[in-house]
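> I would like to see how this sequence folds:
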Amino acid sequence: RGIQIKADTNKAGWEGAEFPVACETCLGDNPYLRMTKEPAGKACKICERPFCHFRWKPGTKARYKGTQVCQTCAKMKNVCQVCILDLQYGLPVEVRDRVLAEGNDVDDSVPKSDTNVQWMVQKQMQLQGAGGGNYENEARNQKLLRIARTVPYYRRNLPHKCSFYAKGDCNRGDKCPFLHEMPTDKNDPLATQNVKDRFHGKNDPVAQKLLGRLANMPRLVPPPDASITTLWIGGLTPEISEADLKDALYSYGEISSVRVIPNKAIGFVEFESRKSAEFAADSVYNSLNVKNVPLQVNWASRKEMEPSGLILDPNNPISQLEQIADATYRLQPPPGLATGAPLPTLPQMEGYLPPPQVVPLPPPMYPMVQPPTLAPPQVEQSKYPSMNPNRMGAVPAAVKADDKSNE
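Numbers count the residues shown, from 1 in each chain. This next block holds a predicted model:
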């Protein structure tokens with residue numbers, strides 16, 4: 001009978017893999033990882049089908065970790081096979097699906113009966129074999145990025161708490177492989193967690209904690225004027241164009257226009273409806289990032305959206321400019337002074353003399369002295385043997401003079 005079970009036709013559908021679908025936190029910080037592989041060594045806790053089980057130790061002070069669900073179920077929800085958290089954001093499934101459902105309908109229904117589960121698994125295998133999935137085309141959600149972890153959380157790999165330490169009977173000290181901390185209170189919701197609730201996104205205490213934190217985060221208050229559907233974007237760099245802003249915000253609703261003012265490093269994104277603008281403002285507030293540049297988001301006002309410029313009277317523009325300048329730079333009168341009264345003068349002290357004015361002295365004039373001219377140094381010419389007049393039969397001048405006197 002055992003041979004017949006192993007040779008059953010269902011064995012062809014058993015999962016085989018070479019490496020688990022795991023997040024960076026579960027793999028640990030050690031790049032040299034030793035992992036054991038057991039084909040069909042465990043049953044999936046969701047579909048109860050045998051799958052290839054992996055087990056490893058993510059660090060020297062960590063506990064052994066192993067895969068809990070098969071790769072088909074993990075890819076169906078885009079979660080880690082070990083911690084059942086989302087691979088993109090590191091968040092529970094309930095948090096991710098609830099936030100994504102605000103903007104687009106994500107089908108998170110998973111059958112519970114055995115027959116429907118097997119049918120769902122076959123459909124998912126066909127879909128994944130064709131290169132698709134439920135979360136393949138989902139854009140990065142700025143609201144989820146606000147609460148997502150940006151670095152791995154390796155504290156999740158620590159050993160389990162020592163039960164002997166809680167009783168006060170552990171005598172191994174630092175050699176104890178378990179964590180010496182008091183256990184969590186039984187009344188704490190975080191003390192009761194299971195794989196199925198986290199996978200299906202129902203009654204997950206960690207998700208409820210994160211959703212409460214998300215609800216208490218600061219939000220942008222919409223302006224009372226319902227006709228304003230424009231968002232103000234600040235902190236732009238020359239590399240960010242209008243097309244980049246449109247690509248970052250188009251998933252929140254239909255955009256009618258995008259305008260960028262480079263000299264002020266700001267931009268305006270106008271949506272077709274107020275509902276889309278409110279949804280975008282609530283999603284990207286304090287989390288909008290374009291080309292690795294964090295941007296500021298706020299509601300635009302009518303004054304900011306109107307083009308700046310002064311329209312002068314063509315008949316008398318100079319007097320109008322003088323009135324504007326006088327109203328702009330006029331000092332405010334001191335408090336308590338009647339309208340039209342002259343400004344008070346400062347009291348003068350007896351014998352007060354104004355401070356002497358310091359007049360800078362001109363620079364001193366020095367007579368110009370002509371520097372003495374120096375004769376150029378005479379260079380003695382080098383004499384070669386051919387330049388000596390006393391050689392090679394030449395008659396000296398003194399001998400010529402004596403010959404002439406004797407004649």
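> beta-bridge partners for Val260, please?
Gly267 (DSSP bridges).
> let me see the contact set for it.
236, 240-242, 245, 266-267 (Cβ atoms under 8 Å, 6 or more residues apart in numbering). Any C-beta I mention is one placed from the backbone N, CA and C, and that applies to glycine too.
> show me these that map onto strands.
266-267 (DSSP state E).
> can you select the buried ones from the contacts of Val260 in ChimeraX?
Entered in ChimeraX, the line below selects the buried ones among the contacts of Val260, by 16 or more other Cβ atoms under 10 Å:
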select :236,240,241,245,266,267
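> mind putting the contacts of Val260 in TSV, distance to His200 included?
Listed next are those as TSV, based on distance: Cβ to Cβ, whole Å:
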residue	distance to His200
Leu236	42
Ile240	40
Ser241	43
Glu242	42
Leu245	37
Ile266	45
Gly267	42
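> would you turn the contacts of Val260 into a markdown table with distance to Leu295 and pLDDT?
A markdown table is the format used below for the contacts of Val260 (distance: Cβ to Cβ, whole Å; pLDDT from 0 to 100):
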| residue | distance to Leu295 | pLDDT |
| --- | --- | --- |
| Leu236 | 7 | 90 |
| Ile240 | 8 | 90 |
| Ser241 | 13 | 89 |
| Glu242 | 14 | 90 |
| Leu245 | 9 | 91 |
| Ile266 | 10 | 90 |
| Gly267 | 9 | 91 |
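> next step: the contacts of Val260 restricted to helices.
242, 245 (DSSP state H).
> check the contacts of Val260 and tell me the two furthest apart.
Spanning the widest gap among the contacts of Val260 are Ser241 and Ile266, at 13.7 Å by Cβ to Cβ.
> please name the residues that touch Lys143.
99, 102, 214, 282-284, 287.
> can you do 10 Å?
With contact taken as Cβ atoms under 10 Å, 6 or more residues apart in numbering, Lys143 is in contact with 99-100, 102-103, 214, 217, 279, 282-287.
> gap between it and Phe178?
38 Å (Cβ to Cβ, to the nearest Å).
> what's the answer for Trp232, then?
Relative to Phe178, and taking Cβ to Cβ, Trp232 is found at 54 Å.
> strands of the stretch 1-150 of the chain, start to end?
35-43, 50-56, 65-66 (DSSP state E, counting those that start in this stretch).
> ditto for the stretch 201-350 of the chain
Under DSSP E, counting those that start in this stretch, the stretch 201-350 of the chain gives strands at 230-234, 255-261, 266-271, 289-290, 293-294, 296-299.
> in JSON lines, list those along with distance to Val151.
Formatted as JSON lines, these follow (distance: least, Cβ to Cβ, whole Å):
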{"stretch": "strand 230-234", "distance to Val151": "27"}
{"stretch": "strand 255-261", "distance to Val151": "33"}
{"stretch": "strand 266-271", "distance to Val151": "30"}
{"stretch": "strand 289-290", "distance to Val151": "16"}
{"stretch": "strand 293-294", "distance to Val151": "17"}
{"stretch": "strand 296-299", "distance to Val151": "24"}
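> so where is the stretch 301-407 of the chain shaky, pLDDT-wise?
The stretch 301-407 of the chain contains residues with pLDDT under 70 at 303-359, 363-407.
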